[in-house]
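# my questions concern the predicted model and sequence given below.
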Amino acid sequence: MPLGPLQHYTIEPSDLEATKDFYCDVLGLENGDRPPLGFPGYWLYSGGIATVHLLGERKPREGIVVRGTEKKFEDTGRFDHIAFAASDLPGVRKRLQSKNVKFREQIVPRTGAAQIFLYDPDGVGVELNFPPEEVQAEARA
């Protein structure tokens, strides 16, 4: 069975609204259509695809494990980060600074691509990858 491309990832945030605001206001995803699933949550879209699913409080039912938002995670277990293709390196940098979001930036050796690393409100790592052409254009400016 060959696998296709990643469809989405799901987070059970400790603060549903703050996490939605982070992914929309800071990263620029769009809150979009979500089926009536019987519990709160959001589907956040990137390029027309519901890439990030956020789960609110759910009631346990057969076959479903509900961790609940009262559990606080010291880290994200073995999960490290999610990466997005990105563009407008100077604009993203300014946006993160204006929202007071801490981030780390690096240039990938050999490829020249730029990367920005940051964390969502629950400590989930986010990587933004910018093509080398943007780094070269910024250097020329």
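Looks like it arrived, so ask away.

# ends of stretch 102-120, what's the gap?
Its first and final residues considered, stretch 102-120 spans 10 Å by CA to CA, to the nearest Å.

# can you pull the buried residues of that stretch?
By neighbour count on 16 or more other CB atoms under 10 Å, the buried set for stretch 102-120 is 103, 113-116, 118, 120. Any C-beta I mention is one placed from the backbone N, CA and C, and that applies to glycine too.

# so where do the strands sit in this protein?
9-11, 30-32, 41-46, 49-55, 81-85, 104-107, 114-119, 125-130 (DSSP state E).

# TSV please, covering those and showing distance to residue 2.
Converted to TSV, the strands of the chain look like this (distance: least, CB to CB, whole Å):
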stretch	distance to residue 2
strand 9-11	20
strand 30-32	28
strand 41-46	24
strand 49-55	20
strand 81-85	22
strand 104-107	33
strand 114-119	29
strand 125-130	25
